[in-house]
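Peer 1: starting from these lines, generate the structure:
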Amino acid sequence: MKFTIEHKDPLSSARCGLISTAHGDIPTPIFMPVGTQGTVKGIHQHELTDTISARIILGNTYHLYLRPGTGILNQAGGLHRFIGWDRPILTDSGGYQVYSLKGMRKITEEGVKFQSHVDGSRHFFSPESVMDIQRQIGADIVMAFDECTHYPCEYKYAQKSMHMTHRWLDRCIKRMDETEPVYGYGQTFSPIVQGSTFSDLRVQSAEFISSRNQDMNAIGGLSVGEPHDEMYAMTELVCRILPSDKPRYLMGVGLPENILESIALGIDMFDCVLPTRNARHGIIYTSEGEINIRNAKWQADFSPIDPNSPALTSRTHTKAYLRHLFKVEELLAGQLASIQNLSFFLWLVAESRLKIREGTFYSWKNEMVRKVSQRL
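Peer 2: So this is what the prediction gives:
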C-alpha cells in the first residue's frame, strides 16, 4: 500500500490524499460503507460503484468466519470474487463483535472463547487465527485483533486491556510476517490504538502502535457511548502522536458531524453502520439536516428527498413518496433510504476533499456541522 498526502488545510489538521492498493486507489478522507456479511445491506454492487461512488467497503472477520466460512471463501478465490467486487476491501478483526458478545465470550491472554450468535456453537479466536482468517478472506487491509473496552470503563481494566491488546498486536505482526497472501496480491496490516477515554493510556498506546512502524494505523474504542467531546479529545491527542505520513482510521465513526470534526483533527478513514441501519428505520441524512421520513409532516411534501444528492433517485423521488413506501412497508423504502444515506456520506467526504484542496475546508466544515446536526 502507498499513501500520498496531496493537500493540507491551512486552518486545521485536515488533509486529503490517495491510498493505492492492489484493487485500486482510495481518495482520502474516505467513508467506507459497511458490508458486514459480504454485502452492504439492500444495495447492489453496481449501485455502490455507479450511484454511491463507494471506493472501498468493509467486511467483518467474525461474521464471515461463521458464514459462509473460510472454506467457501477460499474455494471462491477470496471475498472479492465471492461477492463480485473489484475495488478495495477492509476487514475488521472481530474485536468489536467480541466486545458486543458479553455473556457469550471469555477473554484470556491466549485469545477469546465465544459462542456463535447464530447457533450457539463454540469457537476460539487468537491473534494468530484471526490473521489466518483474514488471509483467507483476502481483504486489501486487515486489522489487528484487539479488545474494545466498554464505556464507561474503569481505569485499571482499560490499562490491563490496552497492554493485552499490545501483546496481541506483536503476535499479529509476527503471524503476518511469517505467512504469505493467499490470492497473489499484497495485504496491508493496521494496528489499533486503545485506552478508553484516559489520556495517559491513549498516549501510551499511540506511542506503542507508532513504534511498530506499520503502513497505516487505526483508533479504536471510541464511538461506544462516550460524549462527543471526549471522542474528539482522544482523537486529537492520538493524531498528534501517530505518524502523519500514514493513513489514520477512526473506527466506527459515525454521525456526519463526527466525521467532519474528525477530518479537521487529521483522520483519513471512517466506517459506520448508521447510514444503512438508520435508513431501514426511516432516518434520512441530507445536506440540509436529518429527517425522520415517517413523520406526518412529510406526507404531502413533494420536494426531492435531497436535491443536492449525487444519487439520481434522491433527486427524482419525493419525500412524500418515500414516506408512503415506509408506511406500506415496501422493501424499496429501505433501499432508497440506504442509497440516499450512503450517497450523502460519500458526498460529504468528497466535498471535504474539494474544500481542503481549495483551502476553504475549515469555514465550510463549521457551516456544514451546523446544518447536518439539525433535525428537519
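Peer 1: quick one: average pLDDT of the helix or strand containing Tyr321?
Peer 2: Using DSSP states H and E, Tyr321 falls within helix 319-327. Average pLDDT, helix 319-327: 98.
Peer 1: that one packs against which elements?
Peer 2: Where contact means 3 or more C-beta pairs under 8 Å, 6 or more residues apart in numbering; DSSP states H and E, helix 319-327 is packed against helix 331-358. C-betas here are computed from N, CA, C, even on glycine.
Peer 1: any residues touching the helix or strand following the helix it packs on, and which ones?
Peer 2: Using DSSP H and E, the helix or strand that follows helix 331-358 in sequence is helix 361-372. Residues from elsewhere that reach helix 361-372, judged by C-beta atoms under 8 Å, 6 or more residues apart in numbering: 9-12, 14, 255-257, 260-261, 263-264, 285, 287-290, 348, 351-352, 355.
Peer 1: element containing the closest residue to Ile291 other than its chain neighbours?
Peer 2: Excluding the flanking residues, the one nearest Ile291 by C-beta to C-beta, 6 or more residues apart in numbering is Ile284, at 4.2 Å. Assigned by DSSP H and E, Ile284 belongs to strand 283-286.
Peer 1: quick revisit: buried members of the contacts of helix 361-372 into PyMOL, please.
Peer 2: The buried residues among these can be selected in PyMOL (16 or more other C-beta atoms under 10 Å) with this line:
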select buried, resi 9+12+14+255+256+257+260+261+263+264+285+287+290+348+351+352+355
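Peer 1: among the contacts of helix 361-372, which are in strands?
Peer 2: Tyr285, Gly289, Glu290 (DSSP state E).
Peer 1: partners of the strand holding Ile284, with directions?
Peer 2: Within its sheet, strand 283-286 is paired with strand 289-292 (antiparallel), according to DSSP bridges.
Peer 1: what's the average pLDDT for the partner strand?
Peer 2: Here the average pLDDT along strand 289-292 is 97.
Peer 1: I'd like to know which elements the very next helix or strand once past that strand is packed against.
Peer 2: Tracing the chain past strand 289-292, the next element assigned as helix or strand by DSSP H and E is helix 312-316. Where contact means 3+ C-beta pairs under 8 Å, 6+ apart, helix 312-316 is packed against helix 331-358.
Peer 1: tell me the average confidence for the helix it packs on?
Peer 2: Mean predicted confidence for helix 331-358 is 97.
Peer 1: next one: stretch 87-100
Peer 2: Stretch 87-100 comes out at a mean pLDDT of 87.
Peer 1: how long is that stretch end to end?
Peer 2: 29 Å (C-alpha to C-alpha, to the nearest Å).
Peer 1: for the residue most central in space within the chain, name its beta-bridge partners.
Peer 2: Among the residues of the chain, the one closest to the centroid is Asp271, at 1.8 Å (C-alpha atoms, centre = their mean). Asp271 has these beta-bridge partners by DSSP bridges: Met32.
Peer 1: contact partners for it?
Peer 2: With C-beta under 8 Å, 6+ apart, Asp271 has these contacts: Phe31, Met32, Pro33, Val34, Leu58, Leu90, Met251, Gly252, Val253.
Peer 1: doesn't Ser338 make contact with the residue nearest to Ile291?
Peer 2: No - under the criterion of C-beta atoms under 8 Å, Ile284 makes no contact with Ser338, lying 9.9 Å away.
Peer 1: neighbour count: the two, which is higher?
Peer 2: Each of Ile284 and Ser338 has its neighbours counted (other C-beta atoms under 10 Å); Ile284 has more, 27 against 24.
Peer 1: just to revisit the earlier point, let's see if you can find the most crowded of the contacts of Asp271.
Peer 2: Compared across the contacts of Asp271, Leu90 has the highest neighbour count, 28 neighbours, by other C-beta under 10 Å.
Peer 1: what's in contact with the strand or helix carrying that one?
Peer 2: Using DSSP H and E, Leu90 sits within strand 89-92. With contact meaning C-beta under 8 Å, 6+ apart, strand 89-92 is reached by 23, 32, 35, 56-62, 64, 79-80, 134, 137-143, 251, 271.
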